[in-house]
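Engineer: Fold the stuff below for me.
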Amino acid sequence: MGLIRAQQVGKEYQVGEVAVQALKNVSFEIEPASFVSFVGPSGSGKTTLLNLIGCLDKPTAGTLTVADTDVASLDRKASAGFRGRNIGFVFQDFNLLPVLTVYENIEYPLLMVQKVAPEERRRRVTGLLAAVGMADQGDKRPDQISGGQKQRVAVARALVTQPKLVLADEPTANLDHATAYRVLNLMKQMRDEFQTTFIFSTHDQKIVGEAEILFTLEDGEIKGIQNKGGNGHG
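Structural biologist: Numbering: from 1, shown residues only. From the prediction side, this is the model:
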């Protein structure tokens, strides 16, 4: 049973008088615990597709099912609740809250979307701080740590709700080569440990090399699916 199933998904935007077709007839299936990357030039539809899967936007055609839920049928409030329970996000500019400590940034989603008891929150946050190699940095604020450390905190924050799925839009764009590989290896460990599916949208050849399944997009269509030995099929 696929974690994500897209059937003939299309997305059209109205720009003034013009209808822009961002995605057309996109169909695929992604299994749990997959390590997937959407690749393609700017404007190929990668980020649009990520936004649809992440319930940040809705398809204008076809059906999209995430974790057995038809996401197009959710209203705004239901979409927000669904995201909070099922999806973690990692952004290229980290999106950490500057006024919170590293520990509080990771804990924040648990306070926002889930009724998680304080001792369980503490257990999850300290466990993830250790897992991302930041156990001794919990009291620092984002402006006191490096870019690579910020991205590790962002990964921990994405995983703290124990989501089925983590979406990462250009997560290595602001990192140097060695740090990018460390973050990618960390994500793979997390995938193995928590059985979380990771989906990337990227231009970065490092991610393309590490992804187990590659969906190549061009002009809003999937032009190729390469399975390098992970889960999932198109």
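Engineer: which element is the one residue sitting closest to the centre of the chain on?
Structural biologist: The centroid of the chain falls nearest to residue 167 when counting by CA atoms, centre = their mean (0.8 Å). Assigned by DSSP states H and E, residue 167 belongs to strand 165-169.
Engineer: That strand pairs with which strands, parallel or anti?
Structural biologist: strand 87-91 (parallel), strand 197-202 (parallel) (DSSP bridges).
Engineer: Output those in TSV; the columns should cover mean pLDDT, mean neighbour count and distance to residue 183.
Structural biologist: Heads up, the C-betas are built off the backbone N, CA and C, glycines and all. Compiled in TSV, these are given as follows (pLDDT from 0 to 100; neighbours: other CB atoms under 10 Å; distance: least, CB to CB, whole Å):
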stretch	mean pLDDT	mean neighbour count	distance to residue 183
strand 87-91	90	22	9
strand 197-202	92	25	11
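Engineer: Which of the ones you listed sits closest to residue 51?
Structural biologist: With CB to CB, the closest approach to residue 51 among those belongs to strand 197-202: 9.3 Å.
Engineer: Next secondary structure element downstream of that closest one?
Structural biologist: Sequence order places helix 205-210 as the next helix or strand after strand 197-202, per DSSP H and E.
Engineer: hmm, back to that, distance to residue 72 for the strands paired with strand 165-169 - can I get that in CSV?
Structural biologist: Below are these laid out as CSV (distance: least, CB to CB, whole Å):
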stretch, distance to residue 72
strand 87-91, 15
strand 197-202, 18
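Engineer: so the helix or strand where residue 178 lies versus strand 165-169, what angle?
Structural biologist: Under the criterion of DSSP H and E, residue 178 resides in helix 177-194. Helix 177-194 and strand 165-169 are oriented at 170 degrees to each other (axes from the mean of the first three to the mean of the last three CA atoms, to 10 degrees).
Engineer: What helices and strands are in contact with helix 177-194?
Structural biologist: With contacts taken as 3 or more CB pairs under 8 Å, 6 or more residues apart in numbering; DSSP states H and E, helix 177-194 sits against strand 35-39, helix 118-131, helix 147-159, strand 165-169, strand 197-202, helix 205-210.
Engineer: which is the next helix or strand following the last one?
Structural biologist: What it means is helix 205-210. Downstream of helix 205-210 (by DSSP H and E), the next one is strand 213-218.
Engineer: beta partners for the nearest residue to residue 59 once chain neighbours are set aside?
Structural biologist: Nearest non-adjacent residue to residue 59, counting by CB to CB, 6 or more residues apart in numbering: residue 9, 4.8 Å away. Beta bridges link residue 9 to residue 26, judged by DSSP bridges.
Engineer: hang on, the earlier thing: please list the residues outside the helix holding residue 178 that contact it.
Structural biologist: By CB atoms under 8 Å, 6 or more residues apart in numbering, the residues outside helix 177-194 that reach it are 33, 35, 131-133, 146-148, 151-152, 155, 159, 162, 166, 168, 171-172, 175, 196-198, 204, 206-207, 210.
Engineer: what's the nearest residue to residue 37 if we skip its chain neighbours?
Structural biologist: Closest residue to residue 37 apart from its sequence neighbours, by CB to CB, 6+ apart: residue 211 at 3.6 Å.
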